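Chemist: whatever this is, show me its structure:
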Amino acid sequence: MPRVYNFSAGPAILPEPVLAQAAADMMDYQGCGMSVMEMSHRSPAFQGIIDTAEADLRDLMGIPENYDVLFLQGGDSLQFAAVPMNLALAKHGVADYIVTGQWSKKAQQEAARFIDARIVATGAEDNFSHLPDCSDLPLSEDADYVYLCQNETVHGLRFAQLPDTKGKVLVSDQSSMFLSEPVDVSQFGLIHAGVQKNVGPAGVQIVIVRHDLVPEGDIDGVPVMMNYKTHVDKKSLYNTPPCWNIYMCGLVFKHLKELGGLEAVQKMNQEKAQLLYDAIDESALFKGVAAKEDRSMMNVCFVTGDADLDAKFAKEATAAGLTNLKGHRSVGGLRASIYNAMPRKGVEALIAFMKDFEVQNR
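Modeler: Okay, here's the model as predicted:
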């Protein structure tokens, strides 16, 4: 069967050159006589894999030396608890949250189990159709950090400009935009991202955290595995990591460097997104969900205005080799996630199908 165009929000499409390299290495990684999935995480071979992956990620993002890079487990949602545990629990126990969609809402709700997690801006009153005004946030004087989800996967919203945190530490969930564009890491105290959107198979969470924010030791009530210091001290090898997944991330990092780095990747992503948004805006049937000024470059959410017609579109698109276009179960509608690995021709195929569908369903 030919490969489909996979518009899933995650686990998502991976670059074909990366999949081909992984297939070539499957039985014998660089003369080791075994797969990466079989080798010890204490072996020199795997140490080389994780060291190279970190070095390439640092190079791609320009990560300053005073930041640690961690390859963790547990699902990125685990960071909703780990962030307040590490950055606030032993300090003021206060953080300010900008709630712009499902993932920042869940992060705030989870943090509230451990600290005073205050909502300082939200788009909930408009069903998260646009970002709230963050030009002059009512930040708490004792806030240990300010939290946002920079790209809301479910609602198709993206912060094109970061809010002014008035000197407070900024924490960003970048899961669905990670490595899709250049980022000035020094603007953040901590970045966390699940890799299953733009970087690799599900099972790895990357945390980039400034040295001074890593706890100095144990924190009362915080499990060892949830303490960032545990993983900083052991260089992400405190326990058996998801070796294969980290290896795959490393292959993607090299692939992105070969494409020309994040500046080149951003240009390709902007062109794909513009093509699709233009098609939606020119359509008499399809309508974009997110406010134009806040549209995500990665997750394009749209509707026909009729739930049954949305379902028909998704079903017929699947039959045509355009898969996973149903919107998130919490909001319905349609969503095309056009991450780094989605080729331009995949977006063009989707647009052509949309035009045909519109003619057939006027």
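Chemist: residues of stretch 228-240 that come out buried?
Modeler: 228-232, 236 (16 or more other CB atoms under 10 Å). C-betas here are computed from N, CA, C, even on glycine.
Chemist: got the contact list for the top helix by length along the chain?
Modeler: Scanning the chain for the longest helix, with DSSP state H as the assignment, gives helix 262-282. Helix 262-282 has contacts (CB atoms under 8 Å, 6 or more residues apart in numbering) with 60-61, 179-183, 256, 259, 286-288, 292, 295-298, 300, 302, 336, 338, 340, 342, 344, 347-348, 350-351, 354-355.
Chemist: which SSE is immediately downstream of that helix?
Modeler: strand 287-288 (DSSP states H and E).
Chemist: quick check: can you list the domain ranges of this protein?
Modeler: 17-258, 261-360 (automatic domain parsing).
Chemist: let's have those domains in TSV, adding mean pLDDT and distance to Y5.
Modeler: Listed next are the domains of the chain as TSV, based on pLDDT from 0 to 100; distance: least, CB to CB, whole Å:
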stretch	mean pLDDT	distance to Y5
domain 17-258	97	15
domain 261-360	96	4
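Chemist: Throw these into CSV and include distance to A9, thanks.
Modeler: Putting the domains of the chain into CSV (distance: least, CB to CB, whole Å) gives the following:
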stretch, distance to A9
domain 17-258, 5
domain 261-360, 4
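Chemist: show me the contacts for H328.
Modeler: Listed by CB under 8 Å, 6+ apart, the contact set of H328 reads 9, 102, 153-154, 335.
Chemist: verify the stated contact: I246 with Q205.
Modeler: No: between I246 and Q205 there is no contact under CB atoms under 8 Å: 11.0 Å.
Chemist: quick check: neighbours shared by these two?
Modeler: What both I246 and Q205 touch, as defined by CB under 8 Å, 6+ apart, is the set F71.
Chemist: returning to what we had before: looking at the contacts of H328, which are in helices?
Modeler: Q102.
Chemist: can I get the contacts of H328 in a markdown table including distance to Q187 and neighbour count?
Modeler: Compiled in a markdown table, those are given as follows (distance: CB to CB, whole Å; neighbours: other CB atoms under 10 Å):
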| residue | distance to Q187 | neighbour count |
| --- | --- | --- |
| A9 | 26 | 21 |
| Q102 | 24 | 17 |
| T153 | 21 | 25 |
| V154 | 25 | 21 |
| R335 | 28 | 26 |
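Chemist: can you pick out the most distant pair from the contacts of H328?
Modeler: Q102 and R335 (12.4 Å; CB to CB).
Chemist: wait, doesn't A193 sit right on V171?
Modeler: No: applying CB under 8 Å, one finds A193 not in contact with V171, separated by 11.8 Å.
Chemist: flag every buried residue along stretch 4-19.
Modeler: For stretch 4-19, using 16+ other CB under 10 Å, the buried residues are 5-15, 18.
Chemist: need the three-state assignment for R118.
Modeler: Put simply, R118 is strand when judged by DSSP: H, G, I helix; E, B strand; the rest coil.
Chemist: list the residues that contact T100.
Modeler: Residues counted as contacts of T100 (CB under 8 Å, 6+ apart) are 121-123, 128, 131-132, 148-149, 152, 155, 157, 159.
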